[in-house]
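Visitor: Can you look at this prediction? I've put the sequence above it.
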Amino acid sequence: MMGYLYLHLFYSKKRTILILGLVLWIVMLMLLIYPNEPVVEQRLYQLQNQRYYVQMMSQLFTLIFPFFVVLVTMDHDQSHLKPMIGYFGRTWVILHKMIFYLIVITWLYFMFFMVYHILPTFLTAYYTFDLSLNLVFINLYLDGIIITLFVFIFIRDRHKALSVLIAVFYVLISWLQEDHPNLSLFYLFPLFSSLYSTFTLAYVYKVCYICLGLSIYIYQINFETI
Amino acid sequence: MPLISMQQAGKSYLSKTFDLEINPSDFILVSGENGNGKTTLIQLVLGFTRPDVGTVKSKKLKIGYLPEKAMLPLFVKVLPYLETLARIKKAKIDQRLLLSFNIPIFKSIHELSKGNHQKLAIISAFIGKPDLIILDEPLTGLDAESTLALKGYIEMKKAEGMSFIVSTHQPELFMHLANKHLKL
């Protein structure tokens, strides 16, 4: 089933678009990261440079990552899965679909993660690997799963273009949380926020939020008319 | 023990209800005017929709389904599509149907004509070891030669003991195979 979903999702043109998007993204980052300062100065202001890099990247990732996630997941509801549901049953198809998209999101996340660490290692003299930087990535990964669930629950094939609105909504909420942190809004949409996402309980809350979304989707798909 | 049994099953938007028992090796022909509930009956059998009234009891079945409008992944090439389908259903592609339909297997599905779309969807429905085959308007877009090839293939599968539900506007073609005929 995974092979079938892969065949449908990564057909040659879409694969090209996705790879081109990633390459463009890497080139853009290289231009942004490449420092004009001499190596001595980069090392002298290492802490400031690194902090600037981390903050810039967390903002950029929250802006770009949801669009990549939406690009990948928007085709999840396809009519050609109907004959497969007839043969294998709803639960089997849905389970495989969810595992497949989880693998794809994880792969996408690792691409971003590697770019985040590898590019500055080669291009700058100030960058040092620090595990605490990965907090952004844990949040980003959980956010990717939340966006995927939103797309699964709200987007159907008839109006799949609307899935872009979910990415736009994510970006707007992130910006709003940065400028005017609001705890109630975070409870409603626990997306990445540089304030609330530092709390350990925020991760637990996010995981619970994902489990709730998953339950809603499984309930919805089992009772909906196909 | 029937494969599927329906008792007074119906939808709120349909004025009639269905009483139907599908047994192994049955060939059920469904015909009738447009809007009389042929596709709804098929959807109820498949479990794609739940009845608003009555009950549908079904065993856990593998159903080969040909929708009224062929549903295929458009940007995939025909051969990889069929191979992948055969692999996940742990079966082989039946060469007889593939050869008699003569589909260009190296083309992308979106490049195929409407008739070839239909042929590919028919081949897909037969891949695997389905307990029941449901064909909703299987003759749509097929030329005379392909219609005869399909008819011959269905006759062969019926002789092997496969169960069928065929919904069509040309029931006379399958009348000799049918042991139940639902005129809606």
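Guide: Ah, there it is. Numbers count the residues shown, from 1 in each chain, chains lettered A, B, ... in the order given.

Visitor: which helix of chain A spans the most residues?
Guide: In chain A, with assignment by DSSP state H, the single longest helix is helix A:90-123.

Visitor: what's the burial count for the residue lying closest to residue A:75 once chain neighbours are set aside?
Guide: Computed as Cβ to Cβ, 6 or more residues apart in numbering or on different chains, the closest residue to residue A:75 that is not its neighbour in sequence is residue A:9, at 6.2 Å. Backbone N, C-alpha and C define where each C-beta goes, glycine included. Using other Cβ atoms under 10 Å in any protein chain shown, residue A:9 has 19 neighbouring residues.

Visitor: what's residue A:9 in contact with, if anything?
Guide: A:72, A:75, A:100, A:104 (Cβ atoms under 8 Å, 6 or more residues apart in numbering or on different chains).

Visitor: tell me the mean pLDDT for the longest helix of chain A?
Guide: When pLDDT is averaged along helix A:90-123, the result is 89.

Visitor: which of the contacts of residue A:9 tops the neighbour count?
Guide: The most crowded member of the contacts of residue A:9, judged by other Cβ under 10 Å, is residue A:72 (21 neighbours).

Visitor: ok, for it, nearest residue in space, not its chain neighbours?
Guide: Once flanking residues are discounted, residue A:72 sits nearest to residue A:104: 5.6 Å by Cβ to Cβ, 6+ apart.

Visitor: I figured residue A:147 was touching residue A:62, is that so?
Guide: No. At 11.1 Å, residue A:147 does not count as touching residue A:62 under the criterion of Cβ atoms under 8 Å.

Visitor: Now the common contact residues for those two.
Guide: With Cβ under 8 Å, 6+ apart, residue A:147 and residue A:62 have common neighbours residue A:170.

Visitor: does the residue of chain A most remote from its centre sit in a helix, a strand or a coil?
Guide: Largest separation from the mean C-alpha position in chain A: residue A:40, at 35.9 Å (Cα atoms, centre = their mean). Three-state call for residue A:40 (DSSP: H, G, I helix; E, B strand; the rest coil): helix.

Visitor: With residue A:166 instead?
Guide: Going by three-state DSSP: residue A:166 is helix.

Visitor: Contacts only, for it.
Guide: So residue A:166 contacts A:66, A:70, A:147, A:150, A:151, A:154, A:155 (Cβ under 8 Å, 6+ apart).

Visitor: can you check residue A:30 too?
Guide: By Cβ under 8 Å, 6+ apart, the residues touching residue A:30 are A:119, A:123.

Visitor: Can you report phi and psi for it?
Guide: phi -60, psi -40 (degrees, to the nearest 10).

Visitor: how near is residue A:150 to residue A:179?
Guide: 23 Å (Cβ to Cβ, to the nearest Å).

Visitor: of these two, who's got more company?
Guide: residue A:150 (23 against 8).

Visitor: Apart from its neighbours in sequence, what residue is nearest the more buried one?
Guide: residue A:166 (5.0 Å).

Visitor: What's the separation between that neighbour and chain B?
Guide: 23 Å (Cβ to the nearest Cβ, to the nearest Å).

Visitor: what helix or strand is the most centrally placed residue in chain B on?
Guide: Centroid check for chain B by Cα atoms, centre = their mean gives residue B:135 as the closest residue, at 2.0 Å. Per DSSP states H and E: residue B:135 is located in strand B:132-136.

Visitor: for that strand, packing partners?
Guide: When contacts are defined as 3 or more Cβ pairs under 8 Å, 6 or more residues apart in numbering or on different chains; DSSP states H and E, strand B:132-136 packs onto helix B:38-46, strand B:63-66, helix B:114-126, strand B:163-167.

Visitor: Just the residues contacting that strand, thanks.
Guide: For strand B:132-136, contacts defined as Cβ under 8 Å, 6+ apart pick out A:86, B:3-4, B:22, B:38-39, B:42, B:45-46, B:61-68, B:122, B:125-126, B:157, B:162-168.

Visitor: which among the contacts of residue A:9 gets closest to residue A:225?
Guide: Nearest to residue A:225, judged by Cβ to Cβ, of the contacts of residue A:9 is residue A:75 at 20.5 Å.

Visitor: got the residues of chain A near chain B?
Guide: Taking Cβ under 8 Å from any Cβ of the partner chain as the measure of proximity, chain A contacts chain B at A:1, A:3-4, A:7-8, A:11-14, A:78-80, A:82-83, A:85-90, A:223, A:225-226.
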